[in-house]
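Visitor: model the following, please.
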Amino acid sequence: MSGYVDLQINGYAGVDFNSERLQPDELHRCCRTLERDGVDGVLATVITDDVDVMCRRIARIVKLREQDNLARQIIWGIHVEGPFISPVPGFVGAHPVEHAQQATLDSMSQLLDAGDGLVRLVTLAPEMDSEQQVTRFLADSGIIVSAGHTDAQRDQLEACIDAGLSMFTHLGNGCPMLMNRHDNIIQRALSFADRLWFSFIADGAHIPFFALQNYLNLVGFGRAVIVTDAISAAGCGPGRFQLGDRFIDVGEDGVPRAEDHSHLIGSGTIMSRMATNLQQELNLTADEVTQLTEINPQQILATFSDLTSAI
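Guide: Numbering: from 1, shown residues only. All right, here's what the predicted structure looks like:
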């Protein structure tokens with residue numbers, strides 16, 4: 001295996017994984033473009049919405065994937081991001097706040113059933129799983145549990161880590177621009193750098209490159225992965241694109257933003273561009289880039305889930 005592995009991708013090349021109307025030819029075209037762009041495997045990501053809607057979207061990906069040899073090769077599983085995330089402005093990010101909710105075993109089971117064994121990673125906010133029931137259930141099922149879109153206190157993070165939380169989703173994002181200068185979710189998460197994996201978006205818009213360098217220096221290359229958090233705009237340039245039920249205008253800089261520019265809405269940058277950024281902006285070696293974009297994501301999947309059953 002010698003290609004990129006992306007654990008968080010909402011869409012690509014004009015195709016939206018969060019569409020209930022996703023068509024077989026769209027999925028095939030998306031996977032063909034991913035393959036052309038050097039991507040070996042992805043976790044198709046479905047974000048917060050009404051649980052029944054999320055289930056339909058997950059089930060559609062599963063159904064269309066099963067019918068397409070290339071899709072089975074490229075889509076290694078599903079990443080469920082939400083709906084058990086913080087509803088607080090800033091922390092909720094681009095997710096629809098009206099559907100952010102407390103974690104329940106019933107809702108989580110519905111989402112897993114829709115995934116028919118393909119859910120590999122779930123992002124949730126530890127404070128929305130206060131008794132750690134869902135975290136423990138997922139970890140015991142061999143599913144990666146990642147904190148994200150959260151303002152969990154340090155004791156809440158620690159309780160979830162003890163219950164099986166093993167990762168933090170796109171550190172430095174899914175949080176407000178203004179926070180306590182010391183006691184904030186980034187610092188709390190980094191205080192567990194010896195116990196968590198961390199994903200980062202290396203497009204230069206989600207995290208300034210100097211800050212990404214600082215994070216990597218602290219986390220170390222052994223526990224970091226690069227994700228694109230790509231939406232359907234990825235690789236397409238300026239234009240209007242879809243994420244679920246909303247339309248997003250992408251400007252000349254290729255960065256998807258909310259209309260008021262209060263937050264970003266996924267990424268329009270492909271993984272090969274992020275790999276180039278790591279070499280050019282952070283002066284990483286080719287081996288270091290390979291570790292972050294290929295080796296480490298494979299390792300976390302192999303460690304925390306039965307990858308072989310998905311391929």
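
Visitor: need the residues that contact the strand ranked longest in the chain.
Guide: In the chain, taking DSSP state E as the definition, the longest strand is strand 39-47. Strand 39-47 is contacted by residues 1-10, 17-18, 34, 54, 57-58, 61, 74-82, 94-95, 120-121, 229, 243-244, 271, 294, 298 when judged by Cβ atoms under 8 Å, 6 or more residues apart in numbering. In this view, the C-beta of every residue, glycine as well, is placed from N, C-alpha and C.

Visitor: the same query, at a cut-off of 6 Å, please.
Guide: 1, 3-10, 17-18, 54, 57-58, 61, 75-82, 95, 120-121, 271 (Cβ atoms under 6 Å, 6 or more residues apart in numbering).

Visitor: okay, and which of the residues you listed map to strands?
Guide: Using DSSP E, the contacts of strand 39-47 in strands are 4-9, 75-81, 120-121.

Visitor: how about stretch 199-219: buried residues?
Guide: Residues 199-207, 212-213, 215-216, 219 are the ones in stretch 199-219 that count as buried (16 or more other Cβ atoms under 10 Å).

Visitor: OK, contacts around the closest residue to Cys160 other than its chain neighbours?
Guide: In space, and not counting its chain neighbours, Cys160 is closest to Pro126: 4.0 Å by Cβ to Cβ, 6 or more residues apart in numbering. Residues counted as contacts of Pro126 (Cβ under 6 Å, 6+ apart) are Ala147, Thr150, Ala152, Gln156, Leu157, Cys160.

Visitor: go on, Phe198?
Guide: Phe198 neighbours (Cβ under 6 Å, 6+ apart): Phe168, Leu171, Val219, Ala224.

Visitor: I'd say the first one and Ala147 touch.
Guide: Which is Phe168. Yes - at 5.0 Å, Phe168 counts as touching Ala147 under the criterion of Cβ atoms under 6 Å.

Visitor: and the two? Which one has more around it.
Guide: Each of Phe168 and Ala147 has its neighbours counted (other Cβ atoms under 10 Å); Ala147 has more, 31 against 28.

Visitor: can you pull the phi and psi angles for the more buried one?
Guide: phi -80, psi 140 (degrees, to the nearest 10).

Visitor: bridging residues for it?
Guide: On the basis of DSSP bridges, Ala147 is bridged to Leu124, Phe168.

Visitor: list the contacts for it?
Guide: With Cβ under 6 Å, 6+ apart, Ala147 has these contacts: Pro126, Leu165, Phe168.

Visitor: low pLDDT regions in the chain?
Guide: 1, 305-311 (pLDDT under 70).

Visitor: which residues in it form strands?
Guide: According to DSSP E, the strands that the chain contains are 4-9, 11-12, 15-16, 39-47, 75-81, 119-124, 144-147, 167-168, 197-201, 224-227, 239-243, 246-250.

Visitor: can I get those in TSV including distance to His182?
Guide: Listed next are these as TSV, based on distance: least, Cβ to Cβ, whole Å:
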stretch	distance to His182
strand 4-9	28
strand 11-12	37
strand 15-16	39
strand 39-47	30
strand 75-81	28
strand 119-124	25
strand 144-147	19
strand 167-168	18
strand 197-201	19
strand 224-227	23
strand 239-243	34
strand 246-250	34
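
Visitor: between the contacts of Ala147, which sits nearest Leu112?
Guide: Of all these, Leu165 has the smallest distance to Leu112: 17.1 Å, by Cβ to Cβ.

Visitor: let me know whether the closest one touches Ser146 as I believe.
Guide: No - Leu165 lies out of contact with Ser146 (Cβ under 6 Å); the separation is 7.2 Å.
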